[in-house]
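**Student:** please work out how this folds:
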Amino acid sequence: MPAIRPTLQEVAVLAGTSIPTVSKVLRGGTDVSATTRERVLKAVAATGYRARASARPTAATAVPALVDLVLTAVDNSWAARALGGVEAAAAEAGIGIVITVARDRDEWVTRLLRRRSEGAVIVGVGPTAMQLAGLTAASVPVVLVDPVVRPPDDIASVGATNWEGGRSAGEHLVSLGHMRLGIIDGAHGTLFNDARVDGFRTALRHAGRGVPDRWVAHSEWSRIDGRRAALPMLADADRPTALFACSESMAFGIYDAAAELGLRIPDDLSVVGFDDLPEAQWASPPMTTVQQLTAGMGATALRILLDEIRQRSNGASASRSATRVELATRLIVRESTAPPPDLRLE
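**Tutor:** Reported below is the predicted structural model:
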């Protein structure tokens, strides 16, 4: 016997509100308090409510005129590359994109619901279970790029082989002879950050080496905070000869800290970043880094989204297992890494 679909009535009862209010939240109505909106989205997530398929793109066309692109910012190179990849794939498909910057907790979701978005590529944003439930309930397909946490089984995602990238950084530094290695990482619990750190540690462990706690520093994903995190570690006479940073913004902070302390890269300190943005090859010295195909991730996500829209227009279930794609990473060796000083002096 097929499962009974949750109803708006059930959502309204659980949220302690009315059916029209639930409907208004799922349409992105603005005349609903933040507290009520949160209660409704929690109830939607708890019940698994989904709207019945609406008459959006038909099987004959199955291509929307516009889709949404949600980012946390547009003023950095990583976001610009992701945007460029999405835009190129959209242009190839003959559709336009609407850019939304996720500046606060729920406003971006409300904007998508109010526009009756045909679908969204979400880049660098960590949607909550409630937000994803609200979009799913409104029949808005989404694809996450570089997801912050593991997505639900029915939400598609595109990422990079972050573990392999971290491993390749570790193997490179080991091959140069480094025994004293450290890490500047980002937020704990972030899917891509944890994978990069684990891959790096695994490479060191296989070589009989490790990273002592005093040579692990946590940073926000910024150059300024990368410098703050690296300074105490590098100012100590007992310091590492090589550092791996989980992003190039943090790696540039290491460059700044080293310059402040009179340490030369790579003579006194080797540095490996992660991303391969244009700034990495312009650095002095040019930065050894792990390349992830950010534009490729954006383009792949857009194509997956369009395929999802076509599948739904042909009657496919929105609750089936979603697509998971990881694009390969690659170590790019430049001039910021070299054997440690003691080996060069022998």
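
**Student:** and the helix or strand where residue 304 lies, what's buried?
**Tutor:** Assigned by DSSP states H and E, residue 304 belongs to helix 294-313. Using 16 or more other CB atoms under 10 Å as the test for burial, helix 294-313 gives 294-306, 308-309, 312-313. Yep, even glycine has a C-beta here, placed from its N, CA and C like the rest.

**Student:** and the chain, what are its domain boundaries?
**Tutor:** 8-160+296-326, 162-292+331-345 (automatic domain parsing).

**Student:** columns mean pLDDT on top of those domains, output as a markdown table?
**Tutor:** Converted to a markdown table, these look like this (pLDDT from 0 to 100):
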| stretch | mean pLDDT |
| --- | --- |
| domain 8-160+296-326 | 81 |
| domain 162-292+331-345 | 94 |
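
**Student:** so of those domains, which one's packed in deepest?
**Tutor:** Here the criterion is mean neighbour count by mean count of other CB atoms under 10 Å, and of those the winner is domain 162-292+331-345, at a mean of 20.

**Student:** tally of neighbours for the nearest residue in space to residue 328 that is not next to it in sequence?
**Tutor:** Of all residues beyond its chain neighbours, the one nearest residue 328 is residue 161 (5.5 Å), with distances taken as CB to CB, 6 or more residues apart in numbering. By the other CB atoms under 10 Å criterion, the neighbourhood of residue 161 contains 18 residues.

**Student:** mind starting the numbering at 31 from now?
**Tutor:** In the new count, where the first residue is 31, that last one comes out as residue 191.

**Student:** now residue 191: how far from residue 131?
**Tutor:** 28 Å (CB to CB, to the nearest Å).

**Student:** residue 262 now?
**Tutor:** 34 Å.

**Student:** kindly report the same for residue 241.
**Tutor:** 36 Å.

**Student:** now residue 232
**Tutor:** Taken as CB to CB, the span from residue 232 to residue 131 is 36 Å.

**Student:** residue 148 now?
**Tutor:** 19 Å.

**Student:** next up, phi/psi of the closest residue to residue 215 other than its chain neighbours, please.
**Tutor:** Excluding the flanking residues, the one nearest residue 215 by CB to CB, 6+ apart is residue 276, at 4.7 Å. Backbone torsions for residue 276, taken as degrees, to the nearest 10, come to phi -80, psi 0.

**Student:** how about residue 358?
**Tutor:** Torsion angles, degrees, to the nearest 10, at residue 358: phi -70, psi 140.

**Student:** which residues touch it?
**Tutor:** Applying CB atoms under 8 Å, 6 or more residues apart in numbering to residue 358 gives the contacts 190-191, 194, 323.

**Student:** export those to CSV and tack on distance to residue 121 and secondary structure?
**Tutor:** Output for the contacts of residue 358, formatted as CSV (distance: CB to CB, whole Å; DSSP: H, G, I helix; E, B strand; the rest coil):
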residue, distance to residue 121, secondary structure
190, 23, strand
191, 27, coil
194, 31, helix
323, 18, coil
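
**Student:** give the closest residue to residue 96 in space, chain neighbours not counted.
**Tutor:** residue 126 (4.8 Å).

**Student:** was I right to think that neighbour contacts residue 120?
**Tutor:** Yes. Counting by CB atoms under 8 Å, residue 126 touches residue 120, with 6.7 Å between them.

**Student:** follow-up on the earlier one: now do the phi/psi pair for the residue nearest to residue 96.
**Tutor:** phi -110, psi 170.
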